[in-house]
Structures are given as C-alpha cells and as structure tokens.
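Visitor: need a 3D model of the sequence below.
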Amino acid sequence: IWNEPAFYMNSHINYVDVRDVARASYELLHSTLDGERFIVSAGTLHTKEIFEKIASRWNKKPPTINLSKNIVMTAARIEQFRSWLLNSEPLLTPETARIAGTFFSYNNEKIVKTLGFQFQPIDETLQWCCDYYMAKFSAKK
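Guide: Predicted coordinates:
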C-alpha cells in the first residue's frame with residue numbers, strides 16, 4: 001500500500017492483532033483448561049476494504065483495479081517460468097494464486113464464550129501497525 005499499487009485481488013483476509021494472540025496464549029496457559037484447542041482470529045475483511053483502511057492512514061491512494069482469478073493464475077504461470085529461467089524463487093506460485101481468491105473464515109466463538117475474550121477492533125490494530133511502520137520505516141523509504 002505504501003507504494004500505491006493499482007491492483008488488488010477479490011479475496012478476504014483473516015486477521016488478528018498480535019497483542020490478542022499473546023493475551024489469549026497467556027490467559028489459556030494460566031487457565032484450568034487442558035487439552036483444548038482454540039481459534040484466535042478476530043474476523044475476516046475483504047482485501048479492498050483493508051487496503052483502503054491502510055491507505056487512508058498513510059494518505060496514499062488505495063488499489064482500485066480488481067484482478068480476476070484468471071489474470072492472477074496467468075501471472076503465476078509467467079512468474080513460474082521466469083523463476084525457472086533465472087533459477088530464483090517465484091514471487092507468486094500457481095498454488096498461491098489458486099487459494100488467493102478462496103474464502104476462508106474461522107469461527108472464534110469458542111474462545112469468546114469460554115474466556116469472554118474480546119478482540120481488538122480492526123481499526124485500532126491497523127492504526128497501531130501503521131503508526132509503527134511510519135515510525136520505524138518511513139525515514140528509510
């Protein structure tokens with residue numbers, strides 16, 4: 001987003017704040033629960049929405065051109081050939097392209113009900129991350 005790419009793919013991102021992961025781990029380690037498994041996912045957002053939220057925090061232009069899955073698959077095949085030719089790691093693989101447009105959503109109901117867990121709102125998480133990025137890396141760009 002920092003470099004204002006024009007393209008995005010019609011997909012969704014499952015997100016969680018690292019502070020929530022740490023807090024959930026701590027709470028579970030110090031609970032009486034044993035042998036349980038929990039999903040620590042705050043929610044799912046469309047990539048376009050998340051990119052717009054980040055772009056607005058940095059006063060950048062968000063991506064506006066939606067790439068179809070066919071275009072992404074074609075780009076992955078071209079990238080696979082390029083990486084073979086140059087004997088380098090591909091930036092995009094057909095496997096990555098294939099799952100990129102697939103919708104995955106994880107249910108966090110168990111941890112919410114069991115621990116009364118509340119996740120950081122996405123806007124607070126993005127602000128925290130964007131502020132950190134700006135402070136740490138913007139002088140280098």
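
Visitor: centre of the chain versus the stretch of helix or strand I78 belongs to, how much separation?
Guide: Assigned by DSSP states H and E, I78 belongs to helix 69-86. Here helix 69-86 shows a centroid-to-chain-centroid distance of 22 Å under the convention C-alpha atoms, centre = their mean, to the nearest Å.

Visitor: list of residues touching it?
Guide: 9-10, 88-94, 96-98, 100-101 (C-beta atoms under 8 Å, 6 or more residues apart in numbering). C-beta here means a position set from N, CA and C on the backbone, and glycine is covered the same way.

Visitor: may I see the buried residues of that helix?
Guide: 72-73, 75-76, 79-80 (16 or more other C-beta atoms under 10 Å).

Visitor: next SSE downstream of the lowest-mean-pLDDT helix or strand in the chain?
Guide: When the helices and strands of the chain are scored by mean pLDDT, DSSP states H and E, helix 94-100 comes last with a mean of 86. Per DSSP H and E, the first helix or strand lying C-terminal to helix 94-100 is helix 109-115.

Visitor: about what we covered before: can you lay out the buried residues of helix 69-86 as TSV showing pLDDT?
Guide: Listed next are those as TSV, based on pLDDT from 0 to 100:
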residue	pLDDT
V72	90
M73	91
A75	92
A76	92
E79	93
Q80	93
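
Visitor: for K48, state which of these is nearest.
Guide: Nearest to K48, judged by C-beta to C-beta, of the buried residues of helix 69-86 is V72 at 14.7 Å.

Visitor: could you check how far that closest one is from L92?
Guide: Plainly put, V72 is 8 Å away from L92 if you go by C-beta to C-beta, to the nearest Å.
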